[in-house]
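# this one's sequence-less:
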DNA sequence: GAAGTTATCATCCAAAAAGATGATTTTAAA
DNA sequence: TTTAAAATCATCTTTTTGGATGATAACTTC
């Protein structure tokens, strides 16, 4: 049983690109494309795809709204959001409105195929960049002061308290205070955790 | 003075995609495309672009060889390598053969425009992923044993020697030995440096 | 000008890390 | 089977960390 794929996007290049990516896949049936939300809804009245690739920037309607409409009417259709940039808010919105996944338009063929595979099986798929980016936002970075940022950077560079004190012209106890306040704010047990968190939070 | 751009690629979708990306740029003149090395060389006999985008996987000849040929004959043409994946060896080869930069095919419009800008000005441009990846390879990761890898991971998770010892069913001095050998191998002064290096080297 | 935050310093103390050195056993390779 | 590398354990010492607690001056903010 082949997977029926339909795409709604107003960029011909993207349609063409994806069609070309999928055209040699044995188990994928290309149903065609629509270049507006209206055209998409019209098409769905006659034929339902298994997977609907949907740009979020359509000329007549926002992708998020179209997503909700489609899902309400045809819950069996799995929707994969598509866009050029990963804007968290929109990704979240799409997922909240029933989308099963999200792809950036620069996604690789492998990602596209895996995404189709996964969402058809009822799963959720986020392409690497989006997932990474969502994860990044998840990391709650504590509010740290300017001075603490300086100290944090030096700690990550492997400086010890005495060295930090010398470098910043402060006393050893002060350097130590900053270090300890960083550990507390990050809820880290020691520098090892701290450094890892700081790197993951993109602070260094 | 507009920038004359020519592309040599055997994937129509890529040609189309890039053309579409550039067609609205005022200062870029699209000279057209060639879908083989032979066609590319033939074109160059009549007209020279400022920037030549070149896929490294051509049907009749390797991109690296074509790159060298073009650069030998027309040194004033700036070459930007193009490929889907970043294979270090090929990137290096292209750069050695005179290419001024390298882009992945999923590069953003911004990267593409910046790359054209930079190489035309005589600079070198690597798209983010490639640069990152090259940098990664630069980091010389020491050879560490299996056990050291385990310990390294635990250290990065913030475990102390006593905790590591308990977790791995080894004595505290042993855990400490592993820790110290890691510090030595990485030439790190302390865990902070160690963790940072390990993360940058992709070992955790 | 009162309240809050930031940056600074201090003392005390236990735990952990890091450096030096050496030794034994197990495992893998030549 | 000899050699080499990996994994284990030990002892000793100095430095650094990290936790608890408190205090003061400077700078914002309301």
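Looks like it arrived, so ask away. Since we're looking at a predicted model, the values are computed, not measured. Numbers count the residues shown, from 1 in each chain, chains lettered A, B, ... in the order given.
# residues contacting the spatially most distant residue from the centre of chain A?
Largest separation from the mean C-alpha position in chain A: residue A:171, at 43.8 Å (C-alpha atoms, centre = their mean). By C-beta atoms under 8 Å, 6 or more residues apart in numbering or on different chains, the residues touching residue A:171 are residue A:165. In this view, the C-beta of every residue, glycine as well, is placed from N, C-alpha and C.
# mind checking pLDDT for it?
Residue A:171 carries a pLDDT value of 93.
# what about the longest helix in chain A?
Looking across chain A with DSSP state H, the single longest helix is helix A:172-186.
# Got phi/psi on residue A:187?
Backbone torsions of residue A:187, given as degrees, to the nearest 10, read phi 50, psi 40.
# Let me know how buried it is, in neighbour terms.
If you count neighbours by other C-beta atoms under 10 Å in any protein chain shown, residue A:187 ends up with 11.
# For it, give its distance to DNA strand D.
Residue A:187 sits 9 Å away from DNA strand D, going by C-beta to the nearest atom of the strand, to the nearest Å.
# Tell me which stretches of chain A form helices.
Ranges of helices within chain A are A:12-22, A:37-46, A:63-73, A:88-96, A:109-120, A:128-138, A:146-156, A:161-168, A:172-186, A:191-200, based on DSSP H.
# is any part of the shortest one close to chain B?
What it means is helix A:161-168. No - with C-beta under 8 Å from any C-beta of the partner chain as the criterion, chain B is not reached by helix A:161-168; the gap is at least 9.3 Å.
# and if you look at the longest one?
No - Helix A:172-186 stays clear of chain B (C-beta under 8 Å from any C-beta), getting no nearer than 10.3 Å.
# which other helices and strands contact that helix?
helix A:146-156, helix A:161-168, helix A:191-200 (3 or more C-beta pairs under 8 Å, 6 or more residues apart in numbering or on different chains; DSSP states H and E).
# of all those helices, which lies closest to DNA strand D?
helix A:161-168 (3.3 Å; C-beta to the nearest atom of the strand).
# looking at the helices and strands packed on helix A:172-186, which is buried most?
helix A:191-200 (a mean of 22; mean count of other C-beta atoms under 10 Å in any protein chain shown).
# who touches it?
In this structure, residues lying in contact with helix A:191-200 by C-beta under 8 Å, 6+ apart are A:136, A:139, A:152, A:155-156, A:179, A:182-183, A:186, A:188, A:204, B:155-159, B:190-192, B:194-196, B:199, B:204.
# got it, and stretch A:21-31?
If you take C-beta under 8 Å, 6+ apart as the criterion, stretch A:21-31 is touched by A:1-6, A:19, A:43, A:47, A:49, A:109, A:112-113, A:116, B:13.
# Give the buried residues for that stretch.
A:21, A:22, A:25, A:28, A:30, A:31 (16 or more other C-beta atoms under 10 Å in any protein chain shown).
# re earlier: check the offset of the longest helix of chain A from the chain's centre.
With C-alpha atoms, centre = their mean, to the nearest Å as the basis, helix A:172-186 stands 34 Å off its chain's centre.
# Can you tell me what sits against that helix?
Outside helix A:172-186, the residues that touch it by C-beta under 8 Å, 6+ apart are A:142-144, A:147-148, A:151-152, A:155, A:161-162, A:164-165, A:168, A:188-191, A:193-194, A:197-198.
# Buried residues, that helix. List them.
By neighbour count on 16+ other C-beta under 10 Å, the buried set for helix A:172-186 is A:174, A:175, A:176, A:177, A:178, A:179, A:181, A:182, A:183, A:185, A:186.
# Dump those into JSON lines; add pLDDT as well.
Formatted as JSON lines, the buried residues of helix A:172-186 follow (pLDDT from 0 to 100):
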{"residue": "A:174", "pLDDT": "94"}
{"residue": "A:175", "pLDDT": "94"}
{"residue": "A:176", "pLDDT": "94"}
{"residue": "A:177", "pLDDT": "93"}
{"residue": "A:178", "pLDDT": "94"}
{"residue": "A:179", "pLDDT": "93"}
{"residue": "A:181", "pLDDT": "92"}
{"residue": "A:182", "pLDDT": "93"}
{"residue": "A:183", "pLDDT": "92"}
{"residue": "A:185", "pLDDT": "90"}
{"residue": "A:186", "pLDDT": "89"}
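# what's the closest of these to residue B:68?
residue A:186 (51.3 Å; C-beta to C-beta).
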